[in-house]
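Chemist: Build me a model:
(2 chains)
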Amino acid sequence: MNYFPDEVLEHVFDVVTSHRDRNAVSLVCKLWYRVERFSRQRVFIGNCYAISPQRLIERFPGLKSLTLKGKPHFADFNLVPHDWGGYVQPWIKALARSRIGLEELRLKRMLVSDESLELLSRSFANFKSLVLVSCEGFTTAGLAAIAANWMNYFPDEVLEHVFDVVTSHRDRNAVSLVCKLWYRVERFSRLFIGNCYAISPQRLIERFPGLKSLTLKGKPHFADFNLVPHDWGGYVQPWIKALARSRIGLEELRLKRMLVSDESLELLSRSFANFKSLVLVSCEGFTTAGLAAIAANCRFLRELDLQENEIDDHSGHWLSCFPDTCTSLISLNFACLKGEINLAALERLVARSPNLKSLRLNRAVPLETLQKILMQAPQLADLGTGSYVHDPDSETYNKLKATILKCKSIRNLSGFLEVAPRCLPAFYPICMNLTSLNLSYAAGIHGSELIKLISHCAKLQRLWILDCIGDKGLEVVASTCKELQELRVFPSDPFGVGHAAVTESGLVAISIGCPKLHSVLYFCQQMTNAALMTVAKNCPNFIRFRLCILEPTKPDPSTMQPLDDGFGAIVQSCKQLRRLSMTGLLTDQVFLYIGMYAEQLEMLSIAFAGDSDKGMLYVLNGCKKLRKLEIRDCPFGNVALLRDVGKYETMRSLWMSSCEVTLGGCKTLAKKMPRLNVEIINENDQMELGPEDGQRVDRMYLYRTLVGPRKDAPEFVWTL
Amino acid sequence: MESKVAYETDLNLKATELRLGLPGTDDSEEQALFNARNNKRSFPDASGECGSKSCSDAQHADNETAPPAKAQIVGWPPIRSYRKNNLQPKKTEAEAAGIFVKVSMDGAPYLRKIDLRTYNGYPELLKSLENMFKFTIGAYSEREGYKGSEYAPTYEDKDGDWMLVGDVPWDMFIVSCNRLRIMKGSEARGLGCSV
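Modeler: Numbering: from 1, shown residues only, chains lettered A, B, ... in the order given. Presented below is the predicted three-dimensional model:
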C-alpha cells in the first residue's frame, strides 16, 4: 500500500475485480481496514457515486486533498441532463462536520451551489486550492465568499487565478464576473500583473485600494533578443500617474521590460510618502537624473535594485542626492550603470546605512573603494564587486584581504566586471560560505582560475558562469558543489568560431554530481540524445530546463538524429517541469512528447523546430497549464493557430514570429476572440504594398485582456 | 533526404553562391535543413530580401559558412541584449586595440611577436618573455637596471631610442613601445651600468 499512487480507490477496485470474488465487499472492507492506518492525504475519486463521503472520511482521516468527478464524460456533449446528479454539497457538508483539515478540492463535472462554496470557504482554515473544471450551478456570490475568506492564501498571481476561474465557466459575462469578484477583494495588498496590458491602471486601483506592492511586466520575453522594437510599448507612466492621483499608499514597485522615463521616476518619488522599494529589471528610457529624484525624495527608501537596465549616464552625482538623513538603505544595486560614480558619496552612504545587506557596484568603483566600503559594512550578505583590478603585491590588496576575512556574512557574490585574476585569492576564505555566485559577466577570469575559485565553494546553491569554464570545469563543479540547485552557463563568445567551450558531457557531469539541481540554463556547442536521457534519469526534479545549442537546428552529432527523444526523456522524467526551452534539430515528434507528458508546463520557448501544424497542436492540446508560448521560425500556420481559439484565454500570451500564420488567420482569430488583443508588428515594407490576407505575418503577439486594444500602440503595431 | 530534394527544386543558388568557407567544405546538410524550413516561404528574389531585417535573415545563413551565420540571424543566440553588449565590447576592444610588437633575442634564430595588451604590468611581461625564450632576468631596480643578469630587456621607443624596459609607467610604456630586444652579454651590462 505504501507504493500505491494517489488513486487508492481505483486500485482497491482493481484488486477486487481481478479476484472476481463474490465476497468482494468484505474483501474490500478488510483491505480498507488496513489502509486506515495509512495516513493517506490525497484521494482521487473518479466517480463521486462509487463511495459515500462518510465512508471516505472514516477511512482517510488525514485527508488533505480531494479530487471528485461527477457527471460522465459525455455530459460534455449535452448527452446528460443538467440535474442528473454529481452534487458536491453532501461532500462538503460531511467534510465540514468532520475534523478533516481539507486543503485542496478539485471538482470536475459537478454541480456546485453558492451554498456549498460558502460552506467550503468557512470550514477549512488551511484551505489553499480550489479547482473547478466544467462545473456549474454557482454564481459570483459563491466566488465572492471564497474571495472574501481566502484571498490571504492566494499566491501573488491573483489575476491569473481569476482568469482561470472565469474561463472554466465559459461565461459570457466573464467581465462582470471578474468585476464582482474584485469588488470583494479590497484587502489585497500585493499584486503581480504578468502583462501590463491585461488590465488598466484605473480598474486595478478601484478594485484594490489597499494596494501596497505592485509588480508589472511589459514587453514580451522575446524583446530581450531584439525581436521587439524599442517603442513597442510597456510604458509605466500611465500607471504611476493613476496611482499618484489615487489614495493608494504604494510602497513597492517592481518593473520588468518596461519603458520608464525620468518623468515617471520623479513623479513616483514625490507621490508616495512611504515608498520603500524600487526594482527595475531590463527596463530602459531613463537616466541618472531619474535616479537622483528617487534618491533625493524617497525618505524611507530601503531598496534600489537596478538589474540589467540600459541607463543613460549623465553624471555620478545621483548618489550624492541621498540626503544625510537617509539611513534606511538595505539594498543598493547599480551594477548596470556605465558611468563614473562619486566615490566619496558612496563611502559616506555606506557608512550611514547600518542595515545595508546587499550592495552591487558598477565598473567605476575601484578596488581601493571596495576595501573601504567593506570596512564600513562587514555585515553585507550580498556583494557585487565593481572593478576588481589591482596589483596583488600592493598594500591596498593586503588590506582588502584582511578586510574580507571579517565579512563572514557574505552569501551572494557577483560582479568582477573587470578583474585581475591574481587578486581573486582574497575571496577564497569566504568562499565556503557562499550560496550564490554569479561570474557570468567576469570575462576576464579564465578557465583554470574559475575552477580554482569554485573549488572553494562547497555550499553553492546557485551558480552563474561563462562557458569558458569548459566541460572539465563543470566536472569540478559537479564534485564540489553538492548543494547546487540552479546552474546557468552563458556563452562567452556568442558569435565566435566554435572552440567547443561546453558540450553535453559537462551537463551530464553536473547531473550526476548535483542531486538537488532543479533549474538549468545551458548554452552549449552540441547536445546528444544519450546525454539528455542520462540527465533526465539523474535529475527527475527539474522545474526549469533551458537548453540552447548555439547552432540552431543542429542534430545529435553522434547519430545525426533529431533531439526529439532526448527532450522527450526530459519531459517524461521531470514531472514537475514548469519551464522548457529547446533548440537543436527537432521534429513534430518532440511536441507530441511534450503534449503527452509535460503536465505542469507553464512556459515553452521554441525556435527553428517542428515540421508541421501538428507540432503546435500537440502542445496546445496537451499542456493544460500552459501560460506562455513563444515560437520563432517554425512551420506552424493558421491551422494550428485557429484549431482551439478558446485555449488562448487560458494563457497569458502567445508569441509567433517568422512562422506560417497569415494576416487572414490572425484576423479570423481576433474576430472570434474579442477578449484577446491580437497584435501584428510590421516594421518593414512588406505590408505597405497593401496588406493581403494571404500574406505571412512577421511577428504576432496575442494576449488576453480585460480592457480591449491598447491606445498607446505605435504605428507599426496593428491590433486586429 | 527530403530536405535536399527541396533544396534542389530551388533557384539553384548553390551553383553561384559566394561563400566564406574554404573550397571543399560542405555545410550543405545543415544549410539544406535551413532551407527546408525556409522553402515553405514564397521565395522572392533573394537580393530583394536583403534589406529587411525580418524573416530573410535565416536565408542569409545559406550564403555563408556556419559560424558567421550565427551573427546573421536576428535575435540569435537568445541572450539578453544587455548581456551581449556587456560581454562583447570587452573582447572586441581587446582584439581591436591589441598592441603587437616584435621581440628579438640576441642569438635566437627568429623573432617572436607578443600583444602588450595581454599583460597587466612589467612582472607579467618579463615572466612571459622568460618563458618564451628560456632565460632568466634579475630583479629590476631604478638605479642599477637588471642587475646580476646576463640579459637586459630593452625597447625601441617612438623616437627611435633604445630604452631599458621598466623605467616608465606601464601604461606609458605600452603605447610608446615599437619593438623589444633582449640584449645579451657585455652589451647588456653596458646599458645597465650606472654612470
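Chemist: any idea where the strands of the stretch 251-400 of chain A begin and end?
Modeler: Taking DSSP state E, counting those that start in this stretch, the strands of the stretch 251-400 of chain A run over residues A:252-256, A:277-281, A:284-287, A:303-307, A:310-312, A:331-333, A:358-360, A:382-384, A:387-388.
Chemist: among these, which is nearest chain B?
Modeler: strand A:310-312 (6.5 Å; C-beta to the nearest C-beta). Every residue, glycine included, has its C-beta placed from N, CA and C.
Chemist: Tell me which strands the closest one pairs with, and in which orientation.
Modeler: strand A:284-287 (parallel) (DSSP bridges).
Chemist: With only the CA atoms kept, save the strand it pairs with in CSV.
Modeler: What follows is strand A:284-287, C-alpha atoms only, in CSV (Å, rounded to 0.1, in the frame of the first residue of the first chain):
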residue,chain,number,x,y,z
GLU,A,284,15.0,51.5,-20.4
GLY,A,285,14.2,55.1,-21.1
PHE,A,286,15.5,56.7,-18.0
THR,A,287,18.8,58.4,-17.0
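Chemist: what does that strand contact?
Modeler: A:230, A:259-262, A:264-265, A:309-314 (C-beta atoms under 8 Å, 6 or more residues apart in numbering or on different chains).
Chemist: Run through the chain and note the low-pLDDT ranges.
Modeler: Went with chain A since none was named. A:1-40, A:147-187, A:316, A:496-500, A:684-691 (pLDDT under 70).
Chemist: please go with chain B instead
Modeler: In chain B, residues with pLDDT under 70: B:1-72, B:88-97, B:188-195.
Chemist: With mean neighbour count added, can I get the strands of the stretch 251-400 of chain A in JSON lines?
Modeler: Formatted as JSON lines, these follow (neighbours: other C-beta atoms under 10 Å in any protein chain shown):
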{"stretch": "strand A:252-256", "mean neighbour count": "20"}
{"stretch": "strand A:277-281", "mean neighbour count": "21"}
{"stretch": "strand A:284-287", "mean neighbour count": "21"}
{"stretch": "strand A:303-307", "mean neighbour count": "18"}
{"stretch": "strand A:310-312", "mean neighbour count": "17"}
{"stretch": "strand A:331-333", "mean neighbour count": "22"}
{"stretch": "strand A:358-360", "mean neighbour count": "23"}
{"stretch": "strand A:382-384", "mean neighbour count": "22"}
{"stretch": "strand A:387-388", "mean neighbour count": "23"}
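Chemist: picking up where we left off before, just the buried residues of the contacts of strand A:284-287.
Modeler: In those, burial by neighbour count holds for A:Leu259, A:Val260, A:Ser261, A:Asp262, A:Ser264, A:Leu265, A:Asn309, A:Ile311, A:Asp313, counting by 16 or more other C-beta atoms under 10 Å in any protein chain shown.
Chemist: Now flag whichever of those residues is closest to chain B.
Modeler: Taking the buried ones among the contacts of strand A:284-287 together and measuring to chain B by C-beta to the nearest C-beta, the closest member is A:Asn309, at 7.4 Å.
Chemist: Report the separation between the closest one and A:Glu683.
Modeler: 24 Å (C-beta to C-beta, to the nearest Å).
Chemist: where do the helices sit along chain B?
Modeler: B:2-8, B:28-38, B:46-49, B:56-60, B:66-72, B:81-96, B:122-133, B:170-176, B:186-192 (DSSP state H).
Chemist: meant to ask about the stretch 201-350 of chain A
Modeler: For the stretch 201-350 of chain A, the helices defined by DSSP state H, counting those that start in this stretch occupy A:201-207, A:237-245, A:262-271, A:288-297, A:343-351.
Chemist: which of those helices is buried the deepest?
Modeler: Most buried of the helices of the stretch 201-350 of chain A, by mean neighbour count (mean count of other C-beta atoms under 10 Å in any protein chain shown): helix A:288-297, with a mean of 22.
Chemist: what does it rub up against?
Modeler: A:260-266, A:268-270, A:278, A:301, A:304, A:306, A:311-319, A:321-323, A:326, A:334, A:337, A:339.
Chemist: got the angle for that helix vs strand A:277-281?
Modeler: 160 degrees (axes from the mean of the first three to the mean of the last three C-alpha atoms, to 10 degrees).
Chemist: bridging residues for A:Phe490?
Modeler: Going by DSSP bridges, A:Phe490 forms beta bridges with A:Leu466.
Chemist: Would you check that it makes contact with A:Leu463?
Modeler: No - using C-beta atoms under 8 Å, A:Phe490 is not in contact with A:Leu463; the gap is 11.3 Å.
Chemist: which residues sit in contact with the residue nearest to A:Glu136 when sequence neighbours are not counted?
Modeler: Among residues not flanking A:Glu136 along the chain, A:Leu111 sits closest, at 6.5 Å (C-beta to C-beta, 6 or more residues apart in numbering or on different chains). Applying C-beta under 8 Å, 6+ apart to A:Leu111 gives the contacts A:Gly70, A:His82, A:Asp83, A:Gly85, A:Gly86, A:Tyr87, A:Val88, A:Cys135, A:Glu136, A:Gly137.
Chemist: how close does B:Gly166 sit to B:Ser141?
Modeler: On the measure of C-beta to C-beta, B:Gly166 and B:Ser141 end up 9 Å apart.
Chemist: okay, the two: which has more neighbours?
Modeler: B:Gly166 (21 against 12; other C-beta atoms under 10 Å in any protein chain shown).
Chemist: Give me the phi and psi angles of that one.
Modeler: Torsion angles at B:Gly166 (phi, psi; degrees, to the nearest 10) stand at phi 120, psi -10.
Chemist: Dihedrals phi and psi, the closest residue to chain A within chain B?
Modeler: Chain B approaches chain A most closely through B:Gly75 (3.6 Å), counting by C-beta to the nearest C-beta. Per-residue torsions, B:Gly75: phi 70, psi 20 (degrees, to the nearest 10).
Chemist: coming back round to it: nearest to A:Thr435, out of the strands of the stretch 251-400 of chain A?
Modeler: Among those, strand A:382-384 comes nearest to A:Thr435, with 10.2 Å by C-beta to C-beta.
Chemist: So which elements touch the closest one?
Modeler: Strand A:382-384 sits against strand A:358-360, strand A:412-414, with contacts defined as 3 or more C-beta pairs under 8 Å, 6 or more residues apart in numbering or on different chains; DSSP states H and E.
Chemist: And it, how far out from the chain middle?
Modeler: Averaging C-alpha positions (C-alpha atoms, centre = their mean, to the nearest Å) puts strand A:382-384 24 Å from its chain's average.
Chemist: likewise stretch A:515-526?
Modeler: For stretch A:515-526, the distance to the chain centre is 17 Å (C-alpha atoms, centre = their mean).
Chemist: Straight-line length of that stretch, end to end?
Modeler: 23 Å (C-alpha to C-alpha, to the nearest Å).
Chemist: what's the neighbour count on the one residue in the stretch 301-450 of chain A that gets nearest to chain B?
Modeler: Nearest to chain B, among the residues of the stretch 301-450 of chain A, is A:Glu308, at 4.2 Å (C-beta to the nearest C-beta). By other C-beta under 10 Å, the residues close to A:Glu308 number 18.
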